[in-house]
Every structure is written in structure tokens, then in C-alpha cells.
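In: Predicted structure and sequence below. I'll ask about it afterward.
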Amino acid sequence: MEAPAKVIVALLGPGEEPRWRAFLDESAQGTFYHDPAFSMIYAEKARRVVNLVFKEENDQLAVLTGAVIDGESGPELRSPFSSSFGGFALRRRLTLRQLVSMVGELEGWARQEGIVRIVLQHPPAIYGESLDETLELALRRGGFEAAGTDLTYYLTAVDVDPVVRRNVRRAATAGCEFRETDDVAGVWEFLASEKAERGQPFDLRREDLQRLHATFAGRVRTFEVVHAGSRVAALLAYALNPRVVLGFHWAQRADASWCRPTDLLIHESARWVFAHGFQVYDLGTVTLGGVPVWGVTQFKEKFRPCGALRRRFTKHCA
């Protein structure tokens with residue numbers, strides 16, 4: 001019988017961040033949500049940030065950034081703890097034995113640290129170069145249980161319903177202009193105001209967005225639609241890895257619905273995504289806890305998206 005893979009886990013050491021980032025650049029499905037710099041922006045939300053490196057001899061297999069937080073039953077390791085997804089970022093083409101050993105080492109490390117529960121939520125499969133669900137089997141074999149599933153909609157081309165094309169023409173005829181803007185603070189103010197007016201959640205702080213924009217230069221983009229010199233719609237777009245852009249937190253001014261600025265915003269930002277060499281435009285989830293949010297679902301379906309699942313796994317260690 002083949003011996004099990006001998007994987008070890010260690011905390012990221014001082015000065016090792018460049019190697020971590022080089023690994024992410026070559027990983028199978030890593031994003032800047034997996035970067036320790038991202039976690040540090042939100043470190044105040046946690047008891048402590050944890051950056052783990054998994055190796056087999058001198059071969060780096062995976063990295064995981066997360067945080068220890070206070071759960072109902074005791075300390076929990078959560079990845080992500082302040083983003084849509086996190087979990088393991090993997091080297092390409094790991095074997096099942098390596099993945100099973102890696103999952104076991106994570107649990108062993110957590111037990112030594114007094115952690116009673118691990119919660120992992122990985123990116124949807126669209127963030128990888130190809131479909132590979134071997135990690136999910138390794139998690140299940142290691143005793144992790146599926147604790148939740150949400151549906152995200154994504155585009156691989158600008159192929160929209162006729163109503164979107166009509167609304168885009170209507171917006172253009174009305175004098176609406178789509179453009180990218182460097183006014184990050186202004187876009188944040190707009191989004192925060194519009195979402196507050198509608199009673200919609202918006203937990204992104206202005207200073208955090210500004211730090212993200214500075215830390216991940218060129219990868220945090222802000223788009224807007226302007227009419228008669230005023231901003232009437234805006235969105236944030238994160239180039240999370242070389243393959244995928246996530247567009248989210250969009251909003252429009254309530255009194256501007258007549259000129260359909262949001263249709264123009266999504267349509268033109270999608271064109272920007274594909275013109276800049278990305279392969280996928282992630283429009284975000286259309287469910288909360290697996291329950292469809294029908295208004296959001298129906299709006300996004302006008303852009304003829306495909307669906308991908310985002311799964312959450314948990315393991316009790318105590």
C-alpha cells in the first residue's frame with residue numbers, strides 16, 4: 001500500500017509574504033481574498049488572523065488565510081471571516097492523498113490551538129482553470145459536513161435578453177454615460193447612501209475600500225453611470241484573480257430608474273471585463289442561505305448567466 005502523503009502545516013513566517021503571493025499567482029484557484037494583506041485589513045474583527053502554509057517536504061501545496069473568532073461554543077477558525085470566500089488556495093494538480101493529508105493536518109493544528117470548530121467556504125469552481133472537486137471529497141473524508149450552499153450567477157460573454165439591449169439604448173439616448181472613475185470615496189458615499197435609503201445591508205467601510213484600492217492596485221475598480229453631470233449608478237469590481245472579476249455592491253439613484261442606468265452599468269462593465277482579457281464576470285449570489293432572492297435573481301437573469309455553487313463546510317474538533 002502506498003504511504004500517505006507527509007504534509008506539514010506551519011504559520012507564515014516573517015518576510016515570507018512575497019513567496020505566499022507568488023504561490024497565489026500560480027495557484028489553481030487563489031484570489032486576493034487569500035492574501036494575508038486582505039485579512040489584515042479586517043483583523044480587528046477577529047481574535048487573531050491566521051496564515052497557514054501546507055508543505056510536503058520542500059514542496060508548497062496550499063495556503064490558507066483565516067481568523068480565530070469567538071464562536072458560541074468556543075474559538076472557531078473561519079476562512080473566510082470577512083469576505084465572500086476563502087479556504088485553501090491550492091497548487092495545481094494535487095493528488096487525493098495530498099489533499100486528504102492536508103485536511104487532516106489542518107484539523108490537527110486546530111485541535112492543538114484549542115479550536116472547537118472549523119468553517120471553510122471556498123470559491124465557486126469558476127475561479128479555477130478547470131473543474132476539480134477533489135478537495136471536496138477530501139473534506140468529506142476528513143469529517144467535514146456541508147453546512148450551506150448558495151448560488152452565484154456569472155457571465156462568460158455579453159449575451160443578453162432583448163430587454164437589456166432596449167434599456168441600454170434607452171440609457172444612451174437619455175444621455176447616460178458609463179465610465180470608470182478613480183473617485184473611490186465618492187462611489188462609496190453613493191453606494192452607502194442609496195443602500196441606506198432602501199434598507200439594504202452595506203457593511204463595507206469607506207476606509208477599508210480605500211485601503212483595498214491602495215493595497216491591490218489596479219485590481220479594485222469603480223464604475224459609474226453619469227447623467228447630466230451627476231452620478232446615477234455605480235458598482236465595485238474586484239479582479240480577484242487573472243481569470244475572474246467580481247462585480248457587486250451596485251446601486252442606482254431611485255429617481256433615475258426611468259433611464260435604466262443599472263442595465264447600462266452591468267452591460268458595459270461586462271464588456272470592460274472581457275475586453276481586458278478576463279474570462280468570467282461573477283455577478284454574485286442570488287440566494288441567502290440557499291433561499292432565492294427573486295428580485296435579484298430575475299434582474300441578473302436578463303443577462304443570461306450561468307450558475308455556480310458556493311459551498312460552506314464545517315468540522316467540529318472538540
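Out: Nice, I can see it.
In: now the most centrally placed residue in the chain, what's its secondary structure?
Out: The centre of the chain sits closest to Ser84, judged by Cα atoms, centre = their mean, with a distance of 4.4 Å. Put simply, Ser84 is coil when judged by DSSP: H, G, I helix; E, B strand; the rest coil.
In: Which residue is the nearest non-sequential neighbour of Val100?
Out: Leaving aside its chain neighbours, Val100 sits nearest to Ala138 (4.7 Å; criterion: Cβ to Cβ, 6 or more residues apart in numbering). Using the backbone N, CA and C atoms, a C-beta is placed for each residue, glycine as well.
In: Now that the one you found has come up, it's in contact with Leu106, right?
Out: No - using Cβ atoms under 8 Å, Ala138 and Leu106 do not qualify as a contacting pair, with a distance of 10.4 Å.
In: Which one's more surrounded, these two?
Out: The residue with more neighbours, out of Ala138 and Leu106 and counting by other Cβ atoms under 10 Å, is Leu106; that gives 27 against 22.
In: that's a helix at the more buried one, yeah?
Out: Yes - assessed with three-state DSSP, Leu106 lies in a helix.
In: So it sits against Ile115, correct?
Out: No - between Leu106 and Ile115 there is no contact under Cβ under 8 Å: 9.9 Å.
In: hang on, the earlier thing: tell me the contacts of the residue nearest to the centre of the chain?
Out: Ser84 makes contact with 33, 121, 246, 284-285, 310, according to Cβ atoms under 8 Å, 6 or more residues apart in numbering.
In: coming back round to it: name the SS class of the residue nearest to Val100, please.
Out: Ala138 ends up helix, using three-state DSSP.
In: Identify the residues contacting it.
Out: Applying Cβ under 8 Å, 6+ apart, the residues contacting Ala138 are 96, 99-100, 102-103.
In: just Asp182 next, same as before
Out: Thr222.
In: Just to check, Val220 is in contact with Arg211?
Out: No - counting by Cβ under 8 Å, Val220 stays clear of Arg211, with 9.7 Å between them.
In: Would you mind telling me which of these two has the busier surroundings?
Out: The neighbour comparison of Val220 against Arg211 (other Cβ under 10 Å) goes to Val220, with 20 against 17.
In: what residues are up against the more buried one?
Out: 184, 209, 212-213, 236-239 are the contacts of Val220 under Cβ under 8 Å, 6+ apart.
In: Pairing-wise in the sheet, spell out the partners of it.
Out: Tyr238 (DSSP bridges).
In: swap in Val9?
Out: The partner residues for Val9, given DSSP bridges, come to Phe54.
In: quick one: it and Trp109 touch, right?
Out: Yes - Val9 is within contact range of Trp109, at 5.0 Å (criterion: Cβ under 8 Å).
In: re the thing from before, among the contacts of Ala138, which ones are buried?
Out: Using 16 or more other Cβ atoms under 10 Å as the burial test, those include 99-100, 102-103 as buried.
In: Export the residues you listed as TSV, with columns for pLDDT, distance to Ala146 and secondary structure.
Out: Output for those, formatted as TSV (pLDDT from 0 to 100; distance: Cβ to Cβ, whole Å; DSSP: H, G, I helix; E, B strand; the rest coil):
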residue	pLDDT	distance to Ala146	secondary structure
Leu99	97	17	helix
Val100	97	17	helix
Met102	97	19	helix
Val103	98	14	helix
